[in-house]
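Student: only geometry, no sequence info:
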């Protein structure tokens, strides 16, 4: 697993030339989420996997939502950033279904306040699992957060159930640029080991 985590990097220079077929990418994403742990095995993570024109549609929705809130003088830079995501081959929209969360709250009232937090843990784990899996297949990706700005239009466009809460967006595609060297802060500031 560590070798996959070492390959996982943020890639903004995305292209449409996937090294494997879309069907295989779709299968990898599904399996990564399926195998991701969740609290009480709630399996609350959901995903909408968009390729090609459907992915472009998402980034156009995002661009127009941003146009309404970003000052005109700053919009060109924002639009170029959105272009970099739209240049990819696809996008994963990550959701957490609130129905299993509410059911767990009702069934285990002692932990009720924790289940929304644990749901956030589940989506984070699923996102990392997908990202590392894509990286292992030599597919670049980054993790973005344009919710709740795009929520209503996304729900309408892809007929998203009301109980699904959008948590992140992951544009992916071919790696069109090399990664810079990754730097790490000093271990002494991050870790403590006692025995």
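Tutor: The structure has been received and is ready for your questions. Quick caveat: nothing in here was measured; it's all calculated off a predicted structure.

Student: so what's the closest residue in space to residue 10 that isn't next to it in sequence up against?
Tutor: The spatially closest residue to residue 10, leaving aside those adjacent along the chain, is residue 142, at 4.7 Å (C-beta to C-beta, 6 or more residues apart in numbering). Where C-beta positions appear, they are placed from N, C-alpha and C, glycine not excepted. Shown in contact with residue 142 (C-beta atoms under 8 Å, 6 or more residues apart in numbering): 10-12, 14, 85, 170-171.

Student: swap in residue 164?
Tutor: Neighbours of residue 164 in contact, by C-beta under 8 Å, 6+ apart: 46, 95-98, 155.

Student: try residue 173
Tutor: Applying C-beta under 8 Å, 6+ apart, we find residue 173 in contact with 14-18, 87-90, 139-141.

Student: and residue 60, by the same measure?
Tutor: Applying C-beta under 8 Å, 6+ apart, the residues contacting residue 60 are residue 86.

Student: offset the numbering so it begins at 23, please.
Tutor: In the new count, where the first residue is 23, that last one comes out as residue 82.

Student: so how far is the helix or strand where it lies off the chain centroid?
Tutor: When elements are assigned from DSSP states H and E, residue 82 belongs to helix 74-89. Relative to the centre of its chain, helix 74-89 is centred 15 Å away, using C-alpha atoms, centre = their mean, to the nearest Å.

Student: just the buried residues of the contacts of residue 195.
Tutor: Listed as buried from these are 36, 40, 109-112, 161-163; burial here means 16 or more other C-beta atoms under 10 Å.

Student: thank you, goodbye.
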